[in-house]
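1. Got a sequence here, can you build the structure:
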Amino acid sequence: MTLVYQSTRDAKNTVSASQAILQGLATDGGLFTPISIPAVDLDFSVLKDASYQEVAKLILSAFLDDFTADELDYCINNAYDSKFDTPVIAPVVKLKGQYNLELFRGSTIAFKDMALSILPYLMTTAAKKHGLENEIVILTATSGDTGKAAMAGFADVPGTQIIVFYPRDGVSKVQELQMTTQTGANTHVVAIDGNFDDAQTNVKHMFNDEALRAKLAAKKLQFSSANSMNIGRLVPQIVYYVYAYAQLVKTGEIAAGDKVNFTVPTGNFGNILAAYYAKQIGLPVGKLICASNDNNVLTDFFSTGVYDKNRTFRVTTSPSMDILVSSNLERLIFHLFGNDAAKTAELMEALNTSGQYDIQGADADILSLFAAAFATEEETAAEIKRVYDESDYIEDPHTAVASAVYKQYVEQTGDQTPTVIASTASPYKFPVVAVEAVTGQSGLTDFEALAKLHEISGVALPPAVDGLETAPVRHNTVVAAADMQAEVERYLGV
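-> Presented below is the predicted three-dimensional model:
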């Protein structure tokens, strides 16, 4: 039987996996979500010796079950290849008191590569499967990393266009240059005067605009998404949690069946939601520790049961987490109320109108899986320094947020369960922050800091940033947040 993906806001809106990937976002504003969990045989006596590609095949076959075995082989083998700087794809590194799962070994040195390397193949395969003649327009808001990883994946892919919006003053200089120097005749990058939430809200609005959809259809165009709102982004992220566990079994750090905690730095809630689905298919997970920066809306949500975005938006040194509206949390809300679309729609409407909602009566068992805390800017910098001093290893600020939150969690609970930190970006994406935290040296430009970071870390400069300073800027459009749709229509000629 084919797995059913349903909109979180309408029980009648159901599709297959390939249809969900093509649409990206449901037309009612909801997110396509599996309403049952597939059976997956997680036999770690076998999986401990499996390649990343083999683990991916196991997970994707279960969740994307209307793709054939040959179609999945094509997608997986083209995604997880020499674009990654290690054949392991996502290595686990043992540090003092924790394990870091390095998810930044792909071509844009951020964890978004793990899913965005495969999404273009899944999407074009799905289009072929459904005889789709329309050109697919990938419309995406980014808080820093999704944009570059999505463009790298979709650049010059036939039958696609990609338009990325990012907050002009809300990403690091390296992140910005990675986007604005992107090649590909089908890529378009636009800075907005506003924050990530403004960009994401307007992108969602365009997806839900029936008049705009009709205009696009008349030109044989249709929107899809590369955000983790797209199930084709989320499902591949389940793979690396299973793979990380298998690596720990292989190296003898744990025995098959032992519980492991995962600490995940999260803003939009997609990465930690993938870990939740990994637990649902049988991965022995103890706690999922949700780590936030000063934009600690998720910390407050898990401690109070109230989601309240009515607060000051803070620009931090971990910009990919500078988010007050966590889109993917909607999927967890859906599950917390027994896959009740009407209840989820009601809560999302409350968020839209009053900026908050209350999850009274939600499933306590699901909630008990999660712990949550946040790290201040000072704690994040101190954590980069501590890990460097203790393990001679430099974390990026997002990973350091997770690392600091994990430290808090252990101090508060005494929980000694082996814990994997999702290490979501290379420090080379945030060289100024990393160097200042380790050396105390301030006032460096990004490119001076890159050289210094190379010197103190001994890690080679990744191709993703090597030469970035002199790469020609190809995209320099800036618009007001309110003019995003006008820019999309202008670019697409509709």
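
2. Isn't F223 up against V137?
-> Yes: counting by C-beta atoms under 8 Å, F223 touches V137, with 5.3 Å between them. In this view, the C-beta of every residue, glycine as well, is placed from N, C-alpha and C.

3. From V171, how far out is V473?
-> Going from V473 to V171 by C-beta to C-beta, to the nearest Å gives 14 Å.

4. returning to what we had before: quick check: neighbours shared by F223 and V137?
-> Counting by C-beta atoms under 8 Å, 6 or more residues apart in numbering, the contacts common to F223 and V137 are L216.

5. what's around the residue lying closest to A110 once chain neighbours are set aside, how many residues?
-> Spatial nearest neighbour of A110, excluding adjacent residues (C-beta to C-beta, 6 or more residues apart in numbering): D145 at 3.8 Å. Burial measure for D145: 27 neighbouring residues, criterion other C-beta atoms under 10 Å.

6. likewise P284?
-> For P284, using other C-beta under 10 Å, the count is 15.

7. Same question for the one 10 residues further on.
-> Neighbouring residues of D294 were enumerated by other C-beta under 10 Å; the total is 20.

8. ditto for V137
-> V137, neighbours per other C-beta under 10 Å, totals 24.

9. where are the low-confidence patches of this structure?
-> The chain contains residues with pLDDT under 70 at 1.

10. Show me what whichever strand or helix holds M114 is packed up against.
-> Assigned by DSSP states H and E, M114 belongs to helix 112-116. If you count contacts as 3 or more C-beta pairs under 8 Å, 6 or more residues apart in numbering; DSSP states H and E, helix 112-116 packs onto helix 146-154, helix 231-250.

11. Single out the most deeply packed of the ones you listed.
-> helix 146-154 (a mean of 28; mean count of other C-beta atoms under 10 Å).

12. Next, the angle helix 231-250 makes with it.
-> Counting by axes from the mean of the first three to the mean of the last three C-alpha atoms, to 10 degrees, helix 146-154 lies at 90 degrees to helix 231-250.

13. Packing partners of helix 146-154?
-> On a contact count with 3+ C-beta pairs under 8 Å, 6+ apart, helix 146-154 meets helix 112-116, helix 119-129, strand 135-141, strand 160-167, helix 173-180, strand 187-193.

14. Redo these as a markdown table? Include distance to D358.
-> A markdown table is the format used below for those (distance: least, C-beta to C-beta, whole Å):
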| stretch | distance to D358 |
| --- | --- |
| helix 112-116 | 32 |
| helix 119-129 | 34 |
| strand 135-141 | 27 |
| strand 160-167 | 29 |
| helix 173-180 | 35 |
| strand 187-193 | 31 |
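
15. hang on, the earlier thing: right, and the helices and strands packed on helix 112-116 - which one's nearest P427?
-> Of all the helices and strands packed on helix 112-116, helix 146-154 sits nearest to P427, with 16.3 Å by C-beta to C-beta.

16. Contacts for the closest one, please.
-> For helix 146-154, using C-beta under 8 Å, 6+ apart, the contacting residues are 106-108, 110, 112-113, 116-117, 119-120, 138, 140, 142, 160, 162, 164-166, 175, 178-179, 182, 184, 186-187, 189, 226-228.

17. Check stretch 432-448 too.
-> Contacts for stretch 432-448 (C-beta under 8 Å, 6+ apart): 172-174, 317, 380-382, 384-385, 388, 394-397, 400, 427, 431, 449, 452-453, 456, 468-469.

18. In ChimeraX, how would I select just the buried ones from these?
-> To isolate the buried ones among the contacts of stretch 432-448 in ChimeraX, judged by 16 or more other C-beta atoms under 10 Å, type:
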select :172,173,174,317,380,381,382,384,385,388,394,395,396,397,400,427,431,449,452,453,456,468
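
19. Now do the contacts for the residue nearest to A191 when sequence neighbours are not counted.
-> With C-beta to C-beta, 6+ apart as the criterion, A191 has its nearest non-adjacent residue at 3.9 Å, and that residue is R168. Counting by C-beta under 8 Å, 6+ apart, R168 makes contact with A191, I192, D193, V478.

20. likewise D65?
-> T2, L3, A17, P38.

21. Could you pull up the residues touching the first one?
-> Spelled out, that is T2. Counted by C-beta under 8 Å, 6+ apart, T2 has contacts S16, A17, D65, D66.

22. Reformat these as a markdown table; add distance to V249 and secondary structure.
-> Output for those, formatted as a markdown table (distance: C-beta to C-beta, whole Å; DSSP: H, G, I helix; E, B strand; the rest coil):
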| residue | distance to V249 | secondary structure |
| --- | --- | --- |
| S16 | 33 | coil |
| A17 | 29 | helix |
| D65 | 26 | coil |
| D66 | 31 | coil |
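
23. Highest neighbour count among these?
-> Busiest of the contacts of T2 [other C-beta under 10 Å] is A17, holding 24 neighbours.

24. how much space between the nearest residue to it once chain neighbours are set aside and L25?
-> Of all residues not flanking A17 in the chain, L64 sits nearest, at 4.3 Å (C-beta to C-beta, 6+ apart). Computed with C-beta to C-beta, the distance linking L64 and L25 is 18 Å.

25. next one: G194
-> G194 is 20 Å from L25, by C-beta to C-beta.

26. Same check on L72?
-> Shown here: L72 relative to L25, a distance of 23 Å by C-beta to C-beta.

27. Would you mind telling me which of these two has the busier surroundings?
-> L25 (24 against 20).

28. Specify which residue of V473 and V171 has the higher count of neighbours.
-> Taking other C-beta under 10 Å, V473 and V171 do not tie; V171 has more neighbours (26 against 12).

29. What is the stretch of helix or strand D197 belongs to packed up against?
-> Secondary structure from DSSP H and E places D197 in helix 196-208. In terms of contacts (3+ C-beta pairs under 8 Å, 6+ apart), helix 196-208 is packed against strand 135-141, strand 160-167, helix 484-492.

30. Let me have these in CSV, extended by distance to R9.
-> As requested, the helices and strands packed on helix 196-208 are exported to CSV (distance: least, C-beta to C-beta, whole Å):
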stretch, distance to R9
strand 135-141, 19
strand 160-167, 23
helix 484-492, 22
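
31. quick one: which of the contacts of D65 sit in helices?
-> Among those, the ones falling in helices (DSSP state H) are A17.
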